[in-house]
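model this:
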Amino acid sequence: MTHPPSVPPATSAAELPHVFARAFNTFDERVLDQVYEPGAGFVPEPGRLVTGPGRMRANDEFLRLRVPIRVAPRHTYIVGDLVLLIVDFVIDGVAAHGGHVHIEGTATDVARRGPDGCWRYAIDNPFGVATAPEAAPAPR
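Okay, here's the model as predicted:
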């Protein structure tokens, strides 16, 4: 069995989006999953949060495109061991299926510094500024 390539963890909160991009650009779901806390959530589309194996499957849908991600952090707000990251991203190029892919957004992410001093995502919300589908009105 071969071991997946490794990406050094983020030792500063501001570094985390760049560590994420390096892990994403390996196109290996196991490497990418190392930037998350074990119980972290991922929002693959507005209004839907997945965790655990669902998080890995949802991320793998993006990884299978085999198009690198570029990130441009806007804001890093740290309070104790928590950070709110606002990050612009672009995935643009020819995908593994041969078609052109263009995905961009502004992520609104929450990360936490772990006992080892490294930062990992607790909530990865890549389309953080998009609106969720409207819920049906509550019955009266």
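
Buried residues in stretch 39-46, which are they?
Neighbour counts over stretch 39-46 (16 or more other CB atoms under 10 Å) mark A40, G41, F42, V43, P44 as buried. Glycine gets a C-beta too; all of them are placed from N, C-alpha and C.

now F127, what's its secondary structure?
State at F127, reduced to three classes by DSSP: H, G, I helix; E, B strand; the rest coil: coil.

Remind me what the helix ranked longest in the chain packs against, helices and strands.
Counting by DSSP state H, the longest helix found in the chain is helix 52-63. Other helices and strands packing on helix 52-63, by 3 or more CB pairs under 8 Å, 6 or more residues apart in numbering; DSSP states H and E, are helix 29-33, strand 36-45.

quick one: which of the ones you listed is nearest A23?
A23 lies closest, by CB to CB, to one member of those: helix 29-33, at 4.6 Å.

ok, now how distant is the nearest residue to T108 once chain neighbours are set aside from E45?
Distances taken as CB to CB, 6 or more residues apart in numbering place G128 nearest to T108, at 2.6 Å, with adjacent residues excluded. Remark: distance between G128 and E45 (CB to CB, to the nearest Å) = 12 Å.

give me the low-pLDDT residue ranges for the chain?
Applying pLDDT under 70 to the chain flags residues 1-5, 130-140.

Dig out what D88 forms beta bridges with.
For D88, the beta-bridge partners are A72, T106 (DSSP bridges).

who touches it in this structure?
For D88, the contact set (CB atoms under 8 Å, 6 or more residues apart in numbering) comprises V71, A72, P73, R74, E104, G105, T106, A107.

Which among these count as buried?
For the contacts of D88, a burial check counting by 16+ other CB under 10 Å picks out V71, P73, G105, T106, A107.
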